[in-house]
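[1] Build me a structure from this.
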Amino acid sequence: MSRIHPLPPELVNQIAAGEVIERPASVVKELVENSLDAGAQRIDIDLEQGGMRLIRVRDDGEGIEPDDLPLAVSAHATSKIGSFDDLEHVATLGFRGEALPSIASVSRFALTSRRRGSEVAWRIEIDAGRSRAPMPAQHAPGSAVEVRDLFYNLPARRKFLRAERTEFGHVEEWVKSMALARPAVEFRLGHNGKSVRWFKPVREAAELERRLADVLGAPFVANSLRVDHAAAGLHLHGWVGLPTASRAQADQQYFHVNGRLVRDRLVAHAVRQAYADVLFHGRHAAFVLFLELDPALVDVNVHPAKHEVRFRAGRLVHDFLYRTLDEALAHARAGAVLPAAADAPPATLPARAYAPAQGGLGLGVREPLADYAALLGRAPGAAPGLPAAPPTTATLAASDDTQVPPLGFALAQLHGIYVLAENAHGLVLVDMHAAHERITYERLKDACAGEGIRSQLLLVPLALALSEREAAIVEEQQARFAELGFDVVRSGPQGVLVRRIPVLLDGADVTGLVRDVIADLAVHGQSRRVEESSNELLATMACHGSVRANRRLTIPEMNALLREMEATERSAQCNHGRPTWVQLAIADLDRLFLRGR
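    As a prediction, this is how the structure comes out:
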């Protein structure tokens, strides 16, 4: 082994490039972040051959002083931090001073910049790490960076790049994420001389959905819920997709921390738990979320490319995210999100439209709930907060305009499976088994939550062999296990005894469940495994206790079901994530029958 010696600056920069620069998208990310930190309001990105031949990023930011150009392309030189305290409160996207020298070491690099108020721009060129003296140039106020022939001097790295279309797709995806995070900034993206994306700046909050639709499409906007909640110094805002609009891939998941797009396991776990009770197996939620907190509470310096962060109060952040999203999804009741068709009829319809041929609504306010009480397994009127029952025939006759409930009033039943109803927007189709299953499931959960988790003593304690670290976690978190209905005590350096388990989990795989809970506590500081296992059992009970196909319901029973759906949390989808209702607007029906053509 040779003696210890310092590495040449060129080699140091190439090693840093191996950590920071993975592909053309990495270059675009670093350059655009610099532009945003410089206060740019318009950023133009031009690529050739997916960025492998050329990457050019131009902005209208503050620009760089001529004397600072050589420093800008030298290692660990930056204007964004100057002390340890600055590193603890990073408020910019870039700060390490590695990007420009790393990019310049693996490409043919040029930087042109002109300060605002200056008459002349200056340009510096670097070829494979060898710099030339700055020279005057022509350029508008702002900066422009040209990166040509990426990895031309590292053939082994260049061979790992994918096809042109693939590399451009990575760039486009990142630009879309940044367009969501910075709606006030104008982004233009071009490829091989053609304009591909143009995101116009958003000047008012009311136009945010326009930018959202430009990036993710109008269907995402129509099938998402707005979230805006602040507590404990944390602020979460953005949009979460409805469970019924889930996707086969996790391709529409954007989470930003203080404006920085991140991929974080803690965040992913919290989001997954919030959707666990409403999402179909194998499907992925869509969301665009922004978390804002004190920069001192998050460490952004844990990854060279700044893809990951570390929260100083991880459990607080996890609980805040989970509870905020869970609360938002809980309010996704059937009928709560209706299509906003431009030609939709008003919110009230003539009363005569709802008078059934056999007078089923003439039973009055109490009788429909009483008829359906047998199906729900409770006393009539026991569910608080239910809307008023459908109006009687006499009431309808007395008024020309009666307020219509979100799901309207029942018309008929189709094949003993679907309930057909008419509301202000048109036709509503309800899967009666799926809807009743959700109603029953939510009632069972509320009943269990009201009683607390009841536990039972095991005749023979269950002995588990664990690692010393796992046994220590059990000892430290014994109170938490008690809250979950377990009595678990440490019996030795690598063993524990399970003496009590929740009643609902009788017959379940207790060994595997306890191990999973320990793993969750070790990684996230908390666990919902017991609740999820209990909910699986309650879901099975709800499925078997719900009305079945081919069960004929009367009109009052159907209307009672609709009112229950409107009052029940998460009733827009069943326990398995399938939709419980579908709205067909009048405009949709007109298109089916080619009316107006």
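[2] what's the burial count for Ser479?
    Careful, residue 479 is Ala and not Ser. 7 (other CB atoms under 10 Å). C-beta coordinates here come from the backbone N, C-alpha and C atoms, glycine included.
[3] now do the one 10 residues further on
    As a burial measure, Val489 scores 14 neighbours (other CB under 10 Å).
[4] Next, it: secondary structure please.
    Following DSSP: H, G, I helix; E, B strand; the rest coil, Val489 is assigned to strand.
[5] Quick one: residues contacting it.
    Applying CB atoms under 8 Å, 6 or more residues apart in numbering to Val489 gives the contacts 474, 478, 496-497, 499.
[6] Can you verify my assumption that Arg116 contacts Glu65?
    No - counting by CB atoms under 8 Å, Arg116 does not reach Glu65; the two are 11.3 Å apart.
[7] ok, the two, which is more surrounded?
    The residue with more neighbours, out of Arg116 and Glu65, is Glu65; 14 against 11, by other CB under 10 Å.
[8] List the residues that contact the more buried one.
    Arg115.
[9] Same check on Val28?
    Taking CB under 8 Å, 6+ apart, we find Val28 in contact with 45, 47, 51, 55, 57, 171, 174-175.
[10] Among the residues you listed, which are located in helices?
    171, 174-175 (DSSP state H).
[11] quick one: which of the residues you listed is nearest Ala463?
    Among the ones in helices among the contacts of Val28, Trp174 lies closest to Ala463 (CB to CB), at 51.7 Å.
[12] Was I right to think that closest one contacts Ala25?
    Yes - the pair Trp174 / Ala25 is scored as a contact, 5.3 Å apart, by CB under 8 Å.
[13] do you know how far the residue lying closest to His191 once chain neighbours are set aside is from Lys176?
    Leaving aside its sequence neighbours, His191 sits nearest to Leu47 (CB to CB, 6 or more residues apart in numbering; 5.0 Å). From Leu47 across to Lys176, the span is 15 Å (CB to CB, to the nearest Å).
[14] mean confidence for stretch 272-286?
    Mean pLDDT, stretch 272-286: 85.
[15] Pull it out as CSV, backbone CA atoms only.
    C-alpha atoms of stretch 272-286 as CSV (Å, rounded to 0.1, in the frame of the first residue of the first chain):
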residue,chain,number,x,y,z
ARG,A,272,-49.6,4.5,3.4
GLN,A,273,-51.2,4.1,6.9
ALA,A,274,-53.6,7.0,6.2
TYR,A,275,-54.8,5.2,3.1
ALA,A,276,-54.7,1.7,4.5
ASP,A,277,-58.4,1.5,5.3
VAL,A,278,-59.7,2.8,2.0
LEU,A,279,-57.2,1.8,-0.7
PHE,A,280,-57.6,-1.3,-2.8
HIS,A,281,-54.7,-3.8,-2.4
GLY,A,282,-51.8,-3.2,-4.9
ARG,A,283,-53.0,0.3,-5.7
HIS,A,284,-51.1,3.5,-5.0
ALA,A,285,-52.5,6.9,-3.8
ALA,A,286,-51.9,10.1,-5.8
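[16] Now do that stretch: everything it contacts.
    Against stretch 272-286 from outside (CB under 8 Å, 6+ apart): 216, 220, 224, 240-241, 243, 245-253, 271, 321-322, 325-326, 329, 332, 528, 532, 535, 570, 573, 575-578.
[17] looking at the ones in helices among the contacts of Val28, which has the most residues close by?
    Neighbour-wise, the ones in helices among the contacts of Val28 (other CB under 10 Å) top out at Val171, 26 neighbours.
[18] circling back to that earlier point, neighbour count winner among Leu47 and Lys176?
    Neighbours per residue (other CB under 10 Å) separate Leu47 from Lys176, with Leu47 holding more: 28 against 18.
[19] Distance from the lengthiest helix in the chain to the middle of the chain?
    Under DSSP H, the helix in the chain containing the largest number of residues is helix 432-451. Centroid separation for helix 432-451 versus its chain: 26 Å, with CA atoms, centre = their mean, to the nearest Å.
[20] on contacts alone, who are the packing partners of that helix?
    Contact partners of helix 432-451 among helices and strands, from 3 or more CB pairs under 8 Å, 6 or more residues apart in numbering; DSSP states H and E: helix 366-376, helix 529-544, helix 555-567.
[21] If you compare the directions of that helix and helix 555-567, what angle comes out?
    50 degrees (axes from the mean of the first three to the mean of the last three CA atoms, to 10 degrees).
[22] Just the CA atoms of helix 432-451, as CSV, please.
    Output of helix 432-451 as CSV, limited to C-alpha atoms (Å, rounded to 0.1, in the frame of the first residue of the first chain):
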residue,chain,number,x,y,z
MET,A,432,-75.9,-1.5,-2.0
HIS,A,433,-73.6,-4.3,-0.6
ALA,A,434,-70.5,-2.2,-0.8
ALA,A,435,-72.2,0.8,0.7
HIS,A,436,-73.8,-1.1,3.6
GLU,A,437,-70.5,-2.9,4.2
ARG,A,438,-68.7,0.5,4.8
ILE,A,439,-71.5,1.7,7.0
THR,A,440,-71.4,-1.4,9.2
TYR,A,441,-67.6,-1.4,9.3
GLU,A,442,-67.5,2.2,10.5
ARG,A,443,-70.1,1.5,13.2
LEU,A,444,-68.1,-1.5,14.4
LYS,A,445,-64.9,0.6,14.6
ASP,A,446,-66.7,3.3,16.5
ALA,A,447,-68.1,0.8,19.0
CYS,A,448,-64.7,-0.7,19.6
ALA,A,449,-63.1,2.7,20.0
GLY,A,450,-65.7,3.7,22.5
GLU,A,451,-65.1,0.6,24.6
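[23] on that earlier part again, list only those of the contacts of stretch 272-286 flagged as buried.
    Taking 16 or more other CB atoms under 10 Å as the criterion, what is buried in those is 216, 220, 224, 240-241, 243, 245-246, 252-253, 271, 321-322, 325-326, 329, 332, 528, 535, 570, 573, 575, 577.
[24] from these, which ones fall inside strands?
    Secondary structure assignment (DSSP state E) places 224, 240-241, 253 from these within strands.
[25] Including distance to Phe287 and pLDDT, could those go into TSV?
    Formatted as TSV, these follow (distance: CB to CB, whole Å; pLDDT from 0 to 100):
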residue	distance to Phe287	pLDDT
Ser224	8	90
Val240	5	94
Gly241	6	91
Gln253	6	93
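[26] Output those in JSON lines, with distance to Val90 appended to each entry.
    Output for these, formatted as JSON lines (distance: CB to CB, whole Å):
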{"residue": "Ser224", "distance to Val90": "31"}
{"residue": "Val240", "distance to Val90": "28"}
{"residue": "Gly241", "distance to Val90": "31"}
{"residue": "Gln253", "distance to Val90": "24"}
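[27] tell me which of these is nearest to Leu261?
    Of these, the one sitting nearest to Leu261 (CB to CB) turns out to be Gln253, at 10.4 Å.
[28] Can you tell me which of the contacts of Val28 is nearest Arg158?
    Within the contacts of Val28, the smallest distance to Arg158 is 12.0 Å, found for Gly51 (CB to CB).
[29] give me every residue that touches Leu36.
    43, 93, 178, 182, 185.
[30] Which of these are buried? Put it as a ChimeraX command.
    Only the buried members of the contacts of Leu36 end up in this ChimeraX selection, burial being decided by 16+ other CB under 10 Å:
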select :43,93,178,182,185
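[31] And stretch 476-486, what's buried?
    Going by neighbour count (16+ other CB under 10 Å), the buried part of stretch 476-486 is 477, 480-481, 484-486.
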